[in-house]
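**Student:** I would like the atomic coordinates for the input below:
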Amino acid sequence: HDPEFAEVTRERIQRFALDNVELRYAPLTDVELSGKLWKWYDIDPNSIKESIDLLFIDGPPGHLQALSRFPALPILGEKLSPSALIILDDANRPDEQATIAAWVREFSNLSQARMVPESEAGIGLLHWHQQAVHAKHTDSSSNIRHLTTAV
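**Tutor:** A predicted model of the protein is given here:
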């Protein structure tokens, strides 16, 4: 959602010749999930053509709303490959801990692999399993085979 950060990230991707990373600049917009409005990236899940093997979640910023990163799985869950790895940054924070707990409750095919607390703000590692998505949300759709990042 920050064009300057998007440009810095784009330069890093080029510098390290990461040809399997897709970077999308996406401003924040209002998204409705189960009758609640959330600030989330303005990205159409149907525009993602390949299944997501690695989903790295480091936004939106927590100061925008409680459980700011929660919409990631309701929106992108159907795009995850059968054995996707989900990384949640800043996982030592109470809000991210609550987000992980909410995801695990809502998605029966999600399990928390482990926490990496020795990182700066903690990293949560979660696994998406092959079984069908059993989510209460129906706002997500389709598939990704490379890393897609929205900033």
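**Student:** Contact partners for A121?
**Tutor:** 89-93 (Cβ atoms under 8 Å, 6 or more residues apart in numbering). C-beta coordinates here come from the backbone N, C-alpha and C atoms, glycine included.
**Student:** now with 10 Å?
**Tutor:** 58, 89-93, 96 (Cβ atoms under 10 Å, 6 or more residues apart in numbering).
**Student:** Around E4, count how many other residues there are.
**Tutor:** 8 (other Cβ atoms under 10 Å).
**Student:** Next, count neighbours for P82.
**Tutor:** Neighbours of P82 under the rule other Cβ under 10 Å: 11.
**Student:** ok now the helix or strand hosting it, how far from the chain's centre?
**Tutor:** With secondary structure defined by DSSP states H and E, P82 is part of strand 80-89. Relative to its chain's centre, strand 80-89 lies at 8 Å (Cα atoms, centre = their mean, to the nearest Å).
**Student:** quick one: the strands in the chain?
**Tutor:** Secondary structure of the chain (DSSP state E): strands at 21-24, 28-33, 36-41, 52-57, 80-89, 110-116, 123-128, 147-150.
**Student:** Dump those strands into TSV; add distance to R15 as well.
**Tutor:** Output for the strands of the chain, formatted as TSV (distance: least, Cβ to Cβ, whole Å):
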stretch	distance to R15
strand 21-24	12
strand 28-33	27
strand 36-41	24
strand 52-57	18
strand 80-89	21
strand 110-116	25
strand 123-128	23
strand 147-150	15
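**Student:** ok, of the contacts of A121, which one's closest to Y41?
**Tutor:** Nearest to Y41 among the contacts of A121 is D58, at 11.6 Å by Cβ to Cβ.
**Student:** ok, the closest one to G35 distance?
**Tutor:** According to Cβ to Cβ, to the nearest Å, D58 stands 27 Å off from G35.
**Student:** And E78, by the same measure?
**Tutor:** Taken as Cβ to Cβ, the span from E78 to G35 is 20 Å.
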